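1. here you go, sequence then predicted model.
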Amino acid sequence: MGSMGPERSGLSTNRLFVHDIQIAINYLRSVFSSLGDGLTAVAGSAVMVAFARYGILSLQPLYREVVVAIAASVLAPYIYYVLVRRVAFFRSNSVLADLALDAAQAPRYVFAVAFILCSAIITVLLLPDSSLMLNFFLSFCASLLIAVLLSKAFAALRNRISYQKQKRFDELIASRYLGRGMPVAAVGGAATIFFAASLADVGMAAAIATFTSAALSLWYSPIAYSAVEYERLIGLSPGYSLRTKLRDLFLVGAALTGGASLSLNWQIAGVVVAVFALLLFYKGLEVLTVRAIGASKTQIMMVVILFALTSMAIVLPFLAMILIPVCAWWLFATGKKRTWQLS
């Protein structure tokens, strides 16, 4: 038999991409199946976009360019991280595992979704300012490229080391979930912040305190989504998940705050408390989101929630202070209703 023609390789034949597009379509159908829910979604989205556009355009031109560049540079690696985790989910918990393991399909899926999201953000938030659009796109591309290269370099380095070293590295990563070495690290971090706050100038001390607080807090606050889902399935409350998953983060934050407070430098103590509070809030929302909507959709939903809250905080800080606890309560209540449910 003759050839059936050249094999198509566009997005329409990438089943990972088509799968997620179908999920998005089904979700929109479920939302708009109810007129009230549909109108609420449209109105909420319009208000959120309006706040974000107003917040960006109200800045001074120089600050506006800097804020857009920073936002794109932070957003690109985060989106890449979310999509890589999505591919990992496909590989381990999906009927599309064979496609996710394909050396061509997975990268096409990741880059296609990343650039679609980039284009959507540019169109919705920055149009018709061509300077901001170009700034965002170039910053996004550069940051995404750096994230990909670092990821590839790390994978290549991992493949070059011996099996015993790989095993020790895996054990080090696993120790984060068990809190191994946390007391020593917390005391060391508190001492670092204490001496920085006592001896260094305010700018240097603030930088050291911010980096130390963020690094230690993030290292000892990993969220195992599978464990959170299991706790929901066996009937444990959202409060239990919050207590167990945020315990080490709280202890680290308390130790670092104590170190800063002993220096009597209240500016640095305020920096430590602010970093700790932001990370506690983020990780708490992450746990509640897993309980409310499931592990596979959590990272995407976190992007939406943080975008909405940040947009609101830029334009109407007082309203954001009301919206934040409302959002947390809704996630808590939804997660509580899903206790014992299989899906």
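-> Looks like it came in fine. Keep in mind that this is a model prediction, so the values were computed, not measured.
2. after the longest helix along the chain, which helix or strand is next?
-> With DSSP state H setting the assignment, residue counts place helix 61-93 as the longest helix in the chain. Using DSSP states H and E, the next helix or strand after helix 61-93 towards the C-terminus is helix 97-100.
3. can you give me the buried ones in that next one?
-> L99, A100 (16 or more other C-beta atoms under 10 Å). All C-beta spots, glycine's among them, are computed from the backbone N, C-alpha and C.
4. and what of stretch 324-336?
-> In stretch 324-336, counting by 16+ other C-beta under 10 Å, buried: I324, C327, L331, F332, G335.
5. among the residues you listed, which one sits closest to V290?
-> G335 (7.9 Å; C-beta to C-beta).
6. count residues in the vicinity of P128, would you?
-> 7 (other C-beta atoms under 10 Å).
7. tell me which element it falls in.
-> Counting by DSSP H and E, P128 is part of no helix or strand.
8. okay, stretch 218-230 in CSV with CA atoms only?
-> This file holds the C-alpha atoms of stretch 218-230, laid out as CSV (Å, rounded to 0.1, in the frame of the first residue of the first chain):
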residue,chain,number,x,y,z
LEU,A,218,10.7,26.8,51.7
TRP,A,219,13.1,23.9,52.4
TYR,A,220,11.2,22.7,55.4
SER,A,221,7.6,23.2,54.1
PRO,A,222,7.2,20.8,51.1
ILE,A,223,3.6,19.8,50.6
ALA,A,224,3.1,16.1,49.6
TYR,A,225,-0.1,16.4,47.6
SER,A,226,-0.7,12.6,47.8
ALA,A,227,-0.5,12.7,51.6
VAL,A,228,-3.0,15.6,51.8
GLU,A,229,-5.4,13.7,49.4
TYR,A,230,-5.1,10.5,51.5
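9. what's the helix or strand hosting F137 packed up against?
-> Secondary structure assigned from DSSP H and E places F137 in helix 130-160. Where contact means 3 or more C-beta pairs under 8 Å, 6 or more residues apart in numbering; DSSP states H and E, helix 130-160 is packed against helix 61-93, helix 105-121.
10. re earlier: mean confidence (pLDDT) on the longest helix of the chain, please.
-> Average pLDDT, helix 61-93: 81.
11. how far does it sit from the chain's center?
-> Mean C-alpha position of helix 61-93 versus that of the full chain (C-alpha atoms, centre = their mean, to the nearest Å) differs by 8 Å.
12. any buried residues in it, and which?
-> Buried-residue list, helix 61-93, by 16+ other C-beta under 10 Å: 64-65, 67-69, 71-73, 75-77, 79-80, 82-83, 86-87, 89-90.
13. ok, now stretch 130-149?
-> L132, M133, N135, F136, F137, S139, F140, S143, L144, A147, V148.
14. same check, this time on stretch 212-226
-> Residues T212, S213, L216, S217, L218, W219, Y220, S221, I223, Y225 are the ones in stretch 212-226 that count as buried (16+ other C-beta under 10 Å).
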